[in-house]
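> Coordinates only, no sequence provided:
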């Protein structure tokens, strides 16, 4: 039994297929979509194929949705299901992409991509790199800027995304992936929570990188000594 809250634009009509927004009901993007389309519904609950059929869903938009969407649901919406992710894919798939982009000094940005059975692995429709001046930024301010960037990106390209009149490309390279629990061992860096300064995280990342380079060099030298001894 679904406890989903549904919100449908007042001027919805049966003739039009429905846009399903997966995310929070107070999302500015849901409100925007509701003004653009004849029929838009929203839920943050898990969905099934029955839900898709019952609501005549013709397009799915996932933004801040907390559940894995199963393959049988996606099979009903080929090239009609997209996700908005706050990272520059393929880097930082999964949880806490903003945090990890600073910890691992990886590209920062936002991506709109097709959904597939993987986690943030679908073909990229459009993405945008976002840069920050770390002196004044925190996790909170950078997150807000990423949110703003991806919402504007979606609004600019929604018409082409909706009709399928947009190019897409496979994700290239290994990138990176993180689970929620991966951040636990670094909780000492987040004493200030969302107000943690980015410059602090970048200092940590630089220190880790220096240590890694030192041990890589050490390992190479040990290997060379072993090889010369063997001769």
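Received the coordinates, thanks. Computed from a predicted model, the values in this text were never measured in an experiment.

> Give the bridge partners for the residue nearest the centre of the chain, please.
Note on the chain: the residue nearest the mean C-alpha position is residue 85, at 2.1 Å, using CA atoms, centre = their mean. Counting by DSSP bridges, residue 85 is bridged to residue 111.

> From residue 56, how far out is it?
27 Å (CB to CB, to the nearest Å). To be clear about C-beta, it is placed using only N, CA and C from the backbone, and glycine gets the same treatment.

> cool, and residue 86?
Distance from residue 86 to residue 56, by CB to CB: 30 Å.

> now residue 170
For residue 170 relative to residue 56 (CB to CB), the value is 31 Å.

> Just want to know which of these two has more residues nearby.
Shown here are residue 170 and residue 56; by other CB atoms under 10 Å, residue 56 has more neighbours (14 against 9).

> Identify the residue nearest that one in space, chain neighbours excluded?
residue 18 (5.3 Å; CB to CB, 6 or more residues apart in numbering).

> With residue 138 instead?
Residue 138 sits nearest to residue 195 (CB to CB, 6+ apart), 5.1 Å away.

> hang on, that neighbour packs against residue 140?
Yes. Proximity of residue 195 to residue 140 meets the contact threshold set by CB atoms under 8 Å, at 6.1 Å.

> avg pLDDT for stretch 76-87?
Taken as a whole, stretch 76-87 has a mean pLDDT of 97.

> wait, what's in contact with residue 108?
87-88, 98, 101-102, 129-132, 142, 146 (CB atoms under 8 Å, 6 or more residues apart in numbering).

> now residue 21
With CB under 8 Å, 6+ apart, residue 21 has these contacts: 27, 29-30, 33, 40-43, 61, 63.

> Same check on residue 47?
Contacts of residue 47 by CB under 8 Å, 6+ apart are 20, 22, 67, 69, 73.

> mind putting those residues in JSON lines, distance to residue 119 and pLDDT included?
Compiled in JSON lines, the contacts of residue 47 are given as follows (distance: CB to CB, whole Å; pLDDT from 0 to 100):
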{"residue": "20", "distance to residue 119": "19", "pLDDT": "98"}
{"residue": "22", "distance to residue 119": "15", "pLDDT": "98"}
{"residue": "67", "distance to residue 119": "11", "pLDDT": "94"}
{"residue": "69", "distance to residue 119": "10", "pLDDT": "96"}
{"residue": "73", "distance to residue 119": "15", "pLDDT": "97"}
